[in-house]
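Peer 1: Fold the following, please.
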Amino acid sequence: MDRAKVRIRFRKSGDLRLVSHLDLMRCFERMLRRAGIPFRSTEGFHPQPRMVFALSLPLGIVGLREVVEVELTEPVEPELIEAKLVATAPPGIEILSVHSIPGNRTGQVRQVRYRLPLAATRVPIGLADRITELLSRAQIWVQRVRPQRKLFNIRPFVHSVWLESNAVGMDLWVTGSGTAKAEELLAFLHLRDELSAGAVLERVDVEIFDEVDAPTQAATPDPEMLRQLASEGASSATAEIDLEREPLAPVSVSPDMEWGASPNGPVVQ
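Peer 2: This next block holds a predicted model:
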């Protein structure tokens with residue numbers, strides 16, 4: 001018999017953007033328990049809910065359409081799960097939708113979309129030219145230190161970058177062997193200082209492979225090709241971007257913006 005499973009789309013914003021991925025997992029476990037959702041657990045001395053987040057969200061980034069999949073011990077109407085989770089979600093978590101999926105299916109991320117809002121007075125001169133240069137390049141080498149130190153060409157993973165009137169947007173391919181980081185693209189575009197100045201990066205969408213139509217699926221680059229391009233020529237390359245050597249300056253916040261503050265009291269209870 002096929003196991004019951006649901007895919008939940010949710011938004012993580014406000015104070016909860018400053019909560020780690022591990023704490024987000026704990027938050028969802030509390031929500032599931034309070035809502036009385038019959039979720040399946042792992043075996044062992046410390047059982048955990050059998051749930052998988054499609055892609056972890058880096059600390060400080062707002063997630064507008066995130067994905068988590070939860071295995072159930074018995075079928076439950078998605079509408080009922082959605083209503084119960086909406087009632088138990090803390091400030092900063094918004095449940096957008098709940099859908100049943102086959103128990104043997106796990107969402108594979110195809111690409112992600114990011115957006116960095118910019119104040120009209122802070123759009124750098126020459127930003128459009130910098131974007132054009134980025135898209136014309138075949139290689140953009142960054143220094144990666146985890147899981148081991150290596151040079152990594154992020155350009156093959158950049159699907160598109162564009163400039164809006166008050167924001168920069170980017171679509172990045174995601175594969176099992178890697179992806180580009182939004183912050184690395186911002187460094188190339190000379191926009192990382194905007195994060196230190198208080199701008200908040202948004203992950204607008206996490207696109208799941210089985211949710212797009214066949215022509216769109218067929219247009220997806222081959223992951224093995226991207227993996228090869230990411231390392232081809234690394235032995236003679238020089239890093240253009242090294243986030244470890246150029247940490248962000250601390251963000252200045254007022255007392256009411258500090259972690260945990262909320263009009264409704266502490267976020268984590």
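Peer 1: How about the contacts made by the residue nearest to P38 when sequence neighbours are not counted?
Peer 2: Spatial nearest neighbour of P38, excluding adjacent residues (Cβ to Cβ, 6 or more residues apart in numbering): T73 at 4.5 Å. Every C-beta, even on glycine, is put in place using the N, C-alpha and C of the backbone. Taking Cβ atoms under 8 Å, 6 or more residues apart in numbering, we find T73 in contact with A4, P38, F39, R40.
Peer 1: gap between the first one and R30?
Peer 2: Spatial separation of A4 from R30 under the definition Cβ to Cβ, to the nearest Å is 21 Å.
Peer 1: Where does G44 sit: helix, strand or coil?
Peer 2: coil (DSSP: H, G, I helix; E, B strand; the rest coil).
Peer 1: Could you do V161 as well?
Peer 2: strand.
Peer 1: thinking again about what came up before, have a look at A4 and R30 and say which one is more surrounded.
Peer 2: Ranked by neighbour count (other Cβ atoms under 10 Å), A4 and R30 place A4 first, with 19 against 14.
Peer 1: Would you agree that one is in contact with N104?
Peer 2: No: A4 is not in contact with N104 according to Cβ atoms under 8 Å; the separation is 11.6 Å.
Peer 1: and the longest helix seen in the chain, C-alpha only, in PDB?
Peer 2: In the chain, taking DSSP state H as the definition, the longest helix is helix 21-35. What follows is helix 21-35, C-alpha atoms only, in PDB (Å, rounded to 0.1, in the frame of the first residue of the first chain):
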ATOM      1  CA  HIS A  21      17.100  25.500   9.500                       C
ATOM      2  CA  LEU A  22      17.300  23.200  12.500                       C
ATOM      3  CA  ASP A  23      15.100  25.400  14.500                       C
ATOM      4  CA  LEU A  24      12.700  25.600  11.600                       C
ATOM      5  CA  MET A  25      12.400  21.800  11.600                       C
ATOM      6  CA  ARG A  26      11.700  21.900  15.300                       C
ATOM      7  CA  CYS A  27       9.100  24.600  14.700                       C
ATOM      8  CA  PHE A  28       7.300  22.400  12.100                       C
ATOM      9  CA  GLU A  29       7.400  19.400  14.400                       C
ATOM     10  CA  ARG A  30       5.700  21.400  17.100                       C
ATOM     11  CA  MET A  31       3.100  22.700  14.600                       C
ATOM     12  CA  LEU A  32       2.400  19.100  13.500                       C
ATOM     13  CA  ARG A  33       2.000  17.900  17.000                       C
ATOM     14  CA  ARG A  34      -0.300  20.800  18.100                       C
ATOM     15  CA  ALA A  35      -2.400  20.400  15.000                       C
END
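Peer 1: With that, I have no additional questions.
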